[in-house]
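Enquirer: With the sequence up front, the predicted model follows.
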Amino acid sequence: MTINQQSILFVDDEQNVLKSLRRLLHDEPWAMFFADSGDKGLEILGKEKIDLIISDVRMPGMDGIAFLKKVKGLYPHIVRIFLSGHADHKAVVQALAEGSAQQLLPKPWKNDELKEVLRGALKQAAALQKKNEGLQKIINSLASLPSMPDTYLKIKECLTNISNVSIDQIADLIEQDTSISAELLRWANSALFGQRHQVDTVKRAVLVLGLDIVEGLVLSESVFGSIAPRAAKGFDLKTFQTHSMACGITAKVLISELPYMDPKDEDRAFTAGLLHDIGKLIEARYLAEQFKKIIITARENKISMLKAEYEILATSHEEIGGYLADWWSLPAFIVNAIRWHHEPALCNADREIIAAVHVADVLVQQFEIGASGNYTLPEADPEIWARFQLTEETVSSMKESLLQLLD
Ligand SMILES: [Fe+2]
Ligand SMILES: [Fe+2]
């Protein structure tokens, strides 16, 4: 293997599959490794530099899902793809949603299609590696990563066992935190969730909002609460939080305008919008000196914060926030929306949610509602913007209702 050669690890318990992959790809320029079990795959990963893993799902012993989950924890920078027959569909969809793998290749495969996917994935791996160098440096410079907020952890645990837990128990748990309770009541009474009667108990608020929204709000409240930065000059936490909320609301409204969307996606877009810029909180809290410089550079040179971040940190709030969300094992749609909200075209998963957050982020800055830390107006990706078919009328009524909701 030469220094710049890219490498792929194939894991499948069927020797025939490994053999035909070896035969099919023998004249490609990649270094290739083959393992017939997850354990052997991990052994190879301990010794070799691997860029891409293609793993079967059904294997005796450690199956592909457990294997890629382990890889994700140990080597998060490696691109991971499932090779799977459709019999495994349900478990695989679940694993994809959790971010254990980024993509699915069908089995049996078409040779050309397989090669195309491998080429694309290796390109992605190379781009990630280049970007990751800046991110790694920053992550390594932090003494420790912020841990997942306690209240969220408790509520998450409760929601995971939902079949054994009553709404009363969830409400009791939330009531222990007064600021989160107040926040839930505020949202349950807001026009966004259309209640005609006053909602005055946490239990009622949980019923009105639904568990997905409750989880999103608890998460964002506890993140804002626990990582509250010593506000850097030129960065105001309160207006930043308004920016985040406005993005959540707008992303929810935008998704509701798209045809064929699951109502659950509206809730997901709301949560993703609330959290999309958490990378900035990490910067403000843990990299205070550099963060001040970023703000000054952006303002003086009239460039976007993102550009200033790359100049000063060689990484961005997208990458730092995405890394943290992934480390906290937040759902993949949140990780992806945080990671790609400025470059939505680069992500193939959760496209509508990312698109909604991207457009929402641009809109609320145009409306001058809250502050994201930017001193220049961001531009939207024209293709993604066009998907929402926004008219002047819809845009101005969105602004009106946003102002009312945030009042
Ligand atoms: Fe952003
Ligand atoms: Fe933003």
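Expert: Here it is on my side, so go on. Ligands and ions are numbered 1, 2, ... in the order given.
Enquirer: Give the next helix or strand downstream of the lowest-mean-pLDDT helix or strand in the chain.
Expert: The weakest-scoring helix or strand in the chain, judged by mean pLDDT, DSSP states H and E, is helix 89-97 (a mean of 77). Going down the chain from helix 89-97, the next helix or strand is strand 103-106, by DSSP states H and E.
Enquirer: partners of that following strand, with directions?
Expert: Looking at strand 103-106 with DSSP bridges, its partner strands are strand 79-84 (parallel).
Enquirer: Not counting the strand it pairs with itself, show me its contacts.
Expert: If you take C-beta atoms under 8 Å, 6 or more residues apart in numbering as the criterion, strand 79-84 is touched by 12, 17, 51-58, 64, 68, 71-72, 92, 95-96, 100-107, 109, 117, 121-122, 124-125, 128. For every residue, glycine as well, the C-beta is placed using N, CA and C.
Enquirer: Now do the least confident helix or strand of the chain against strand 79-84, angle only.
Expert: Helix 89-97 and strand 79-84 are oriented at 170 degrees to each other (axes from the mean of the first three to the mean of the last three C-alpha atoms, to 10 degrees).
Enquirer: Helix 89-97 - contacts with which helices or strands?
Expert: helix 64-74, strand 79-84, strand 103-106, helix 332-340 (3 or more C-beta pairs under 8 Å, 6 or more residues apart in numbering; DSSP states H and E).
Enquirer: Which ChimeraX command selects the buried ones in the contacts of strand 79-84?
Expert: Buried members of the contacts of strand 79-84, defined by 16 or more other C-beta atoms under 10 Å, are picked up in ChimeraX with:
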select :12,17,51,52,53,54,55,56,57,58,64,68,71,72,92,95,96,100,101,102,103,104,105,107,109,117,121,122,124,125,128
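Enquirer: tell me the contacts of L390?
Expert: Counting by C-beta under 8 Å, 6+ apart, L390 has contacts V359.
Enquirer: Okay, helices next: where are they in the stretch 1-150 of the chain?
Expert: 15-24, 38-47, 64-74, 89-97, 111-141, 150-160 (DSSP state H, counting those that start in this stretch).
Enquirer: what's the closest of those to ligand 2?
Expert: helix 111-141 (18.8 Å; C-beta to the ion).
Enquirer: so which of the contacts of strand 79-84 are also by ligand 2?
Expert: Applying C-beta under 5 Å from the ion to the contacts of strand 79-84, one finds that nothing falls near ligand 2.
Enquirer: and the residue lying closest to T297 once chain neighbours are set aside, how many residues sit next to it?
Expert: Once flanking residues are discounted, T297 sits nearest to A308: 4.2 Å by C-beta to C-beta, 6 or more residues apart in numbering. Residues lying near A308 (other C-beta atoms under 10 Å) number 23.
Enquirer: Find the residue at the geometric middle of the protein.
Expert: V335 (1.3 Å; C-alpha atoms, centre = their mean).
Enquirer: I'd say it and E98 touch.
Expert: No. If you go by C-beta atoms under 8 Å, V335 and E98 don't touch, sitting 9.8 Å apart.
Enquirer: now L52, which residues is it bridged with?
Expert: Here L52, judged by DSSP bridges, has bridge partners I8, V79.
Enquirer: do the one 4 residues further on as well
Expert: Counting by DSSP bridges, D56 is bridged to L83.
Enquirer: need the residues of the chain near ligand 2, please.
Expert: Of all the residues in the chain, those lying near ligand 2 are 277, 361, 372, going by C-beta under 5 Å from the ion.
Enquirer: Which strand or helix spans the nearest residue to the second one once chain neighbours are set aside?
Expert: In other words, D361. Once flanking residues are discounted, D361 sits nearest to C247: 5.4 Å by C-beta to C-beta, 6+ apart. In the assignment (DSSP H and E), C247 maps to helix 237-257.
Enquirer: Please compute how far that helix lies from its chain's middle.
Expert: 16 Å (C-alpha atoms, centre = their mean, to the nearest Å).
Enquirer: how about that helix: buried residues?
Expert: Per 16+ other C-beta under 10 Å, helix 237-257 contains these buried residues: 237, 240-255.
Enquirer: any idea of the mean pLDDT for that helix?
Expert: Helix 237-257 carries an average pLDDT of 92.
Enquirer: what helices or strands is it leaning on?
Expert: Using 3+ C-beta pairs under 8 Å, 6+ apart: helix 237-257 touches helix 211-226, helix 263-275, helix 278-286, helix 351-366, helix 392-406.
Enquirer: low pLDDT regions in the stretch 301-407 of the chain?
Expert: Nowhere does the stretch 301-407 of the chain drop to pLDDT under 70.
Enquirer: follow-up on the earlier one: ok, and the most crowded of the residues of the chain next to ligand 2?
Expert: With neighbours taken as other C-beta under 10 Å, the top of the residues of the chain next to ligand 2 is D361, carrying 26 neighbours.
Enquirer: Would you confirm that it contacts L275?
Expert: No. The criterion here is C-beta under 8 Å, and D361 misses it with L275 at 12.0 Å.
Enquirer: Tally up the residues packed near V362, please.
Expert: 21.
Enquirer: what does L24 give?
Expert: Other residues within reach of L24, judged by other C-beta under 10 Å, total 13.
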